[in-house]
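Asks: Sequence plus predicted model, see below.
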Amino acid sequence: MRRMILPLMLLVVAACQPAAMELTDAEKADIAEEFREFRTGLYAANERLDIEQTLAAIAEDVALIIQGTRLSHDQFAPAARAAFGALENLSVEVQEMQVDVLAANVVVNTDVITDVQTDTAGVTTEQTYLHTEVWTKRDGRWMMTHGQQSIPPGVAQSGTN
């Protein structure tokens, strides 16, 4: 019986804790704006072909789904480095960005972007992607903890020389 008292007391204490503070609309707007600036900075890094800045913002324990395939950070990072290493130029156009603040340290970002890429052989391709990402602030830094990328139905990739 004594063994059950301590866990029961801890359960009662936990249940009596005040609910987490709701964020005000102004606080949510500030967090969303801070995140938009951060995410826009990552897209700018991609345009500079600096994949390392983006990889540094992806948590080691991330759950990624790219075109229907689940990838770990260790699987994604070398593929991203190889893809960026084959590029001469990259342009990223954010057509739509929606940031939903779930907590002071958690946001969901949904965006539609179009990449125009020119590889080192001079071949240019254009592709539109849909992203849904969960970002968690860890040790003061936004880190992607879950991400999904897909090509919208009916959108074909274009390629030109």
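Replies: Cool, got the structure.

Asks: The strand ranked longest in the chain: partners in the sheet, and parallel or antiparallel?
Replies: Determined from DSSP state E, the single longest strand within the chain is strand 87-103. Note on strand 87-103: by DSSP bridges, its sheet partners are strand 106-119 (antiparallel).

Asks: Going toward the C-terminus from the strand it pairs with, what's the next helix or strand?
Replies: Using DSSP states H and E, the helix or strand that follows strand 106-119 in sequence is strand 124-138.

Asks: what residues does the helix or strand just after that next one touch?
Replies: Where DSSP H and E defines the elements, the next helix or strand beyond strand 124-138 is strand 141-150. The contact list for strand 141-150, computed with Cβ atoms under 8 Å, 6 or more residues apart in numbering, reads 35, 38-39, 57-59, 61-68, 107, 129-137. All C-beta atoms are positioned from the backbone trio N, CA, C, and that covers glycine.

Asks: now the angle from strand 141-150 to strand 106-119?
Replies: Using axes from the mean of the first three to the mean of the last three Cα atoms, to 10 degrees, the inter-axis angle of strand 141-150 relative to strand 106-119 is 60 degrees.

Asks: tell me the average confidence for strand 141-150?
Replies: On average, the pLDDT along strand 141-150 is 97.
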